[in-house]
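Undergrad: sequence plus predicted model, see below.
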Amino acid sequence: MKNAPAIELAAQPAIAFAANTPTKPTTPESELHGLADDKNSAHRDGHDLTLLERRLDRMEEALCSIAASLHRLAERFAPITTSDIVSSRYLADKLGCTTQWIGDMARNGVIPKSCIVDGTGTGKPWKFFKNQIDRWLKNR
């Protein structure tokens, strides 16, 4: 499952922080030993910082991917109004051809299926999503 790595990544810094917290009282001698540990931890902290930066980069990539997926879903499932749907006459006027030729293009796959409203054609008038048809005509 895709969510598991994100949860794992979020939990690891908290675990690392808990592992680095002192659990016993310090004495002057232990503080001297602690200075030597600080020199070693500076190197370790630099490594931890690099690791953290890599994790943040991966999380940023994952968030961008999620945002793109949500955008596609919103476009797909957004409520469609009648002004968003056009007939084959609209497309025929744009291309300067007949509605029968538009029907042939839709049936033969020349017009992308993503432009065609589900349940149209095959004995019913062809209907198209205006924004997608306009985008298709622009990129054609």
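TA: Cool, the structure landed.
Undergrad: and G103, how many neighbours?
TA: 19 (other C-beta atoms under 10 Å). Yep, even glycine has a C-beta here, placed from its N, CA and C like the rest.
Undergrad: what is the neighbour count of the residue nearest to it when sequence neighbours are not counted?
TA: Leaving aside its sequence neighbours, G103 sits nearest to W126 (C-beta to C-beta, 6 or more residues apart in numbering; 5.6 Å). Neighbourhood size, W126 [other C-beta under 10 Å]: 22.
Undergrad: any idea how the protein splits into domains?
TA: 3-77, 82-139 (automatic domain parsing).
Undergrad: which element is E53 on?
TA: Per DSSP states H and E, E53 falls inside helix 28-77.
Undergrad: ok so, going back, wait, doesn't the residue nearest to G103 sit right on M105?
TA: No: using C-beta atoms under 8 Å, W126 is not in contact with M105; the gap is 9.3 Å.
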